[in-house]
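Colleague: Sequence and predicted structure, then a few things I'm wondering about:
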Amino acid sequence: MLRFILRRLLAGVILLLVVSSVAYLLLYLGAGDIGRQILGVTATQEAVDAKNTALGLDQPLIPRFLGWLGAAFTGNFGTSWFTSQPVVAAITSRLAVTLSLVIGTTIITAVVGTALGVWAARKRGAADRLVQIVSVLGFAIPGFLIAIFLVNVFALNLKLFKPTGFVQLSVSFPGWLSTVTLPIIALSIGAIASIAAQVRGSVIDTMRQDWVRTLRSRGLSENRVLYRHVLRNAGGPALAVLAVQFVGLLGGAIIVEQIFAIPGLGPIATNSTAQGDIPLVMGLVVVTAAIVVVVNIVIEILHGFLNPKARIS
Amino acid sequence: MFKRKAAVAIAAVIATGLALAGCSGSGADSGSAGSTLTWGVIAQATTFQAENANWANESPYIQAVYDTLLKADPDGTIQPDVATKWEYNEDNTVLTLTLRDDVKFTNGDTLTADDVVASLIAFRDGASPNKSNLVNLADAKAVDATTVELTLSAVDPALLNYLTQNSGVVAPASSVGDAATATAPIGSGPFILNTTDTVVGSSYVFDKNEDYWNPDDQHYDKLILAYYADPTSLLNAVQGGQVNVTNIIDASTVPQMESSGFTANKFELNWWGFLLSDRDGAIAPQLADVRVRQAINYALDKDALVKTIGNGYGTPTSQIFPTFSPSYDASLDDYYTFDLDKAKELMTEAGYPDGFEISMMRTSAVPESHWTLYAQQLAQIGITVNYTEVQPADFITTMLQGTYPMYWFTLQQDPTDWQLTQFQVSQASTWNVLHQSTPEVEAFISTIQTGTEDEAAEAGKELNRYLVENAWFAPMYRPTSIFMSDANTVVKTQVGNAVPYLWNVEPK
C-alpha cells in the first residue's frame, strides 16, 4: 500500500514538473510586453523598461525558468504583479474558500445523487423517467446560468440570500450559510444529475446479477441487499465519476465564484489569466495540478476499499 | 418508515438553513449600514508602496492611507494639504513648500520635511507608471523640519497638479524602499488598512484613523473597497444594496442600476477616435496632405458612432482638449461635422478621387463590430483599410513602435495643457507614436512651458485650434464616464480622474 502511494506520488511530482514547465513556457512566450501591461498606457517607455528590468524580464527565458523552479521547490512562488501579495499567501488564503465550496458540493452531490439514483433504480416507472429527465436537464444547463437564475430569484427578489460576497465559517455560521448556499446549489445541480444517472444505471445492472438473486433467495431483506451489497458494487463507477466531478467542480467554481464575487481561487484565476499575472497563474497551475494528483490517489484508495477486486496488495 | 424519517430530516435541514440564511440576510454588513462606505472598485490595489503607487482607478486606495502634499478640488483647483504654502522662484525652477507640523504617521512619527524629500526622490526613481511626473525634479532638500525646496531641471507647469496625485504622496522616510508596505502601508491618511479583514485582490477594509489631523475629510468610520471584475456580479451587488458607490464595467447595466435607486454621475475623461500619426507621410504618403486628414474627419458620422459604439454615452467632438481645460473651445467640437460631399471633394483636391489603401492594426480585445464600423466610415471616401491582427497583449506595445500610419485608440484628456501635450502631442511624447511634429506645435508647447501665465493660456488655445485645423487627429467623441451612487450617498466627480476623490464621497 505504502509503495503504491509512494509510486503514485512520484508520478505526481513528475506530472507537476511537466505541467509547470509547459505552462511557464507558454505563458512567457505569449505574454507580450509585460511591463507595459502592468503599467498601462500612461507610462513612458523608460518606466516600462525599468519595470521589465526590475522583474528580471531582461534575462533569457531558460535561466529565468530554472530560477523560478528552484524557488518553487523551496515554496517561494514569487509575488503577484498586480496585487503585490506573495503568491503562496494569495492562494492559501483563498484555497480554503474554494475547497469549502467544492467539498460541500461534492458531499451534497454524493448524497443527493446517490439517493436519486437508487430511488429511480428501485421504483422504475414514472419515478425513473422523472429522474432521467431531470438528469438530462441538470446536465444540460450550465452552472453559471443556474447561478444567475438563483441570484435573481432568491437573492435579489426574495432577498433570502446575499447576491455577492462571502462570510468565513469561523466568523459566522449563518453568515457563511447565507453566502455559500446559492453557489453550492448552482454547482451541484449538474454534478447531481450525472451521479444520479450513473448510480441508477449501475444499480439496475447490479440488481440483475445472479449473485443478487442468490442473496435474495437466502432471505436477505431487499434493503439489506440493496444497501449492503448492490450499492457497494455499484459504487465504484460512481466514485470514479465523482472524482472527475471534483476536479471539474474546481473549474466550475471559478465561474460561479466570479458571479457571486466570492474570494476563492476563481476570481484570482480569471483575473490573473486575463491580466497576465504570470507568477500567480503559475502558482495556481501548480496547486490545481497537485489537487488533481492527490484526489486521484485518494479515489484509488477508496476504490480499493469499496471493491476488494481492485484492492492493492 | 425510513423514507418518512429521511424526508423529515431533510426538510428540517433545509428549513434551518433557510431560516438562518434569512436571519443573516436582513441584518448583515450591507453597504448602507451605519457609517460604512462600501465602494465598488474595478481595479485591485497593485501596491500600497508609496513610491510605486498607481493612480486613477487606484486613487481611493492611496488616498485612504496617505496624504498628498497638495490637494485638488473637483474642478482641479489646487488647495493646501500637507503643504500649506507653495511658492516658485522667479524663473519657476525652484519650488518651496511649507509643511504642516501636526501630521502624524500611523507608526506614531511626525511627518517632517525629511519624509517629503525621501518620498519624492523615491517616487521619481521608483516603479510607478507615473514616475515620469517627477522627471524634472533634479533635487529635493529639507531646509528645516517644515520647509522643503524642490529644484527642477526644467520648468514643469503641471508639477503642482502632480503633487496632488500619487507623485505627491508622503510616506515615512523610514519605510521608503520597504517592500512590506506594498500590502501593509504606513501613512498619515484618513484611514488605516485593516490587514486582518482585508482579502487582498477582493475586498480591502480600512478603519478610520482616529488621530487624523483633518477630521473634516473623514466622512465614514469604515471604508470597504470591494473589487468587482465581472459586470453581472457588480450589477447584482448594486441591486442587492451591497455597495454605496461604484464604477461601472459595462455601460449597458446603467439603466438597471438606476432603477435600483442609484444615480449615474456623468463626466468625461477621454477622447475616442483615430490618431493620424503619420502626418509627414513616412509610411502612408497620402496622410501628409492635410486635405486627406481633414477628409477623414469629415467622413466620420460621429452621432452614429456614439449610438452604436458608445451605447449612446458620449459627446461628438473634433478636439482632443477636455471641457475642463482652459484651452477648450466649444466651437471646435463641431469643427468637422459629418459631410461626405465635402470629404470627397477634399480627397479629389488632394489627388485621391478613388481613394487609397491604408494599413491599420486591430485586436480581438475590441469588439469585431467596432473595427468593421471604422473601416466602413473610411470606405465612404474610398479609403480601404487593411487590418493586421495583433494579440491583445501586444496591442499597445505594437502601437508605440510606430509602424502604422494611423491608429484607432482612446486616450485620456489631461486637465492641464502641459500634461496633455507631454502625453500625446509633443514630438517626444509617448502617444505621438511616430514622433512627428511641426515647428509651430513645438513653439506653442514651449510657450506653454516657459511663457507667462497669459502667454501660456493663449498658446494653449492656439495649439488646440492648430491641431484641429491641421487634423492631427480624427476624434469621434468624448465617451461619457459614469460613477454610480446610491440614494444615501452624494459624490462630486473629479476632473481628469476615473473616480471621485475619496473625501468627495459623503453621506447625504
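Modeller: That came through, no problem.
Colleague: Only C-alpha atoms from now on, for both contacts and neighbour counts.
Modeller: Fine.
Colleague: Touching, A:Trp176 and A:Thr164? I think so.
Modeller: No. Using CA atoms under 8 Å, A:Trp176 is not in contact with A:Thr164, being 11.9 Å away.
Colleague: give me phi/psi at B:Ser203?
Modeller: phi -150, psi 120 (degrees, to the nearest 10).
Colleague: follow-up on the earlier one: pick out whichever of A:Trp176 and A:Thr164 has more residues nearby.
Modeller: Relative neighbour count places A:Thr164 above the other of A:Trp176 and A:Thr164, with 25 against 19, counting by other CA atoms under 10 Å in any protein chain shown.
Colleague: got a list of what the more buried one touches?
Modeller: The contact partners of A:Thr164, taken as CA atoms under 8 Å, 6 or more residues apart in numbering or on different chains, are A:179, A:259-262, B:233, B:236-237, B:242.
Colleague: Among those, name the ones in strands.
Modeller: Taking DSSP state E, every one of those sits outside strands.
Colleague: ok, now how distant is the residue nearest to B:Pro74 when sequence neighbours are not counted from A:Ala89?
Modeller: Take B:Pro74 and drop its neighbours on the chain: the residue closest to it by CA to CA, 6 or more residues apart in numbering or on different chains is B:Gln494, 4.4 Å away. Counting by CA to CA, to the nearest Å, the gap from B:Gln494 to A:Ala89 is 35 Å.
Colleague: Neighbour count: those two, which is higher?
Modeller: The neighbour comparison of B:Gln494 against A:Ala89 (other CA under 10 Å) goes to B:Gln494, with 19 against 13.
Colleague: does any part of stretch B:496-503 sit near chain A?
Modeller: No. Stretch B:496-503 lies apart from chain A when judged by CA under 8 Å from any CA of the partner chain; the minimum separation is 12.7 Å.
Colleague: List the buried residues of that stretch.
Modeller: Judged by neighbour count using 16 or more other CA atoms under 10 Å in any protein chain shown, the buried positions of stretch B:496-503 are B:496-503.
Colleague: And for A:Val203, nearest residue in space, chain neighbours not counted?
Modeller: A:Val203's closest residue in space is A:Ala234 (CA to CA, 6+ apart), at 5.5 Å.
Colleague: Name the residues of the stretch 201-350 of chain B found near chain A, please.
Modeller: The stretch 201-350 of chain B comes close to chain A at residues B:201-202, B:228-230, B:232-233, B:236-237, B:239-240, B:242, as judged by CA under 8 Å from any CA.
Colleague: Now for B:Leu37, how many residues are close by?
Modeller: Counted with other CA under 10 Å, B:Leu37 comes out at 25.
Colleague: which ones are touching it?
Modeller: So B:Leu37 contacts B:31, B:220, B:222-224, B:243-244 (CA under 8 Å, 6+ apart).
Colleague: rerun at 6 Å
Modeller: B:Leu223 (CA atoms under 6 Å, 6 or more residues apart in numbering or on different chains).
Colleague: ok, now the one 5 residues further on?
Modeller: With contact set as CA under 6 Å, 6+ apart, B:Ile42 has these partners: B:227-228.
Colleague: With A:Ile189 as the reference, measure out to the residue in the stretch 151-300 of chain B that chain A sits nearest to.
Modeller: Nearest residue of the stretch 151-300 of chain B to chain A, counting by CA to the nearest CA: B:Ser233, 4.9 Å away. Counting by CA to CA, the separation of B:Ser233 from A:Ile189 is 21 Å.
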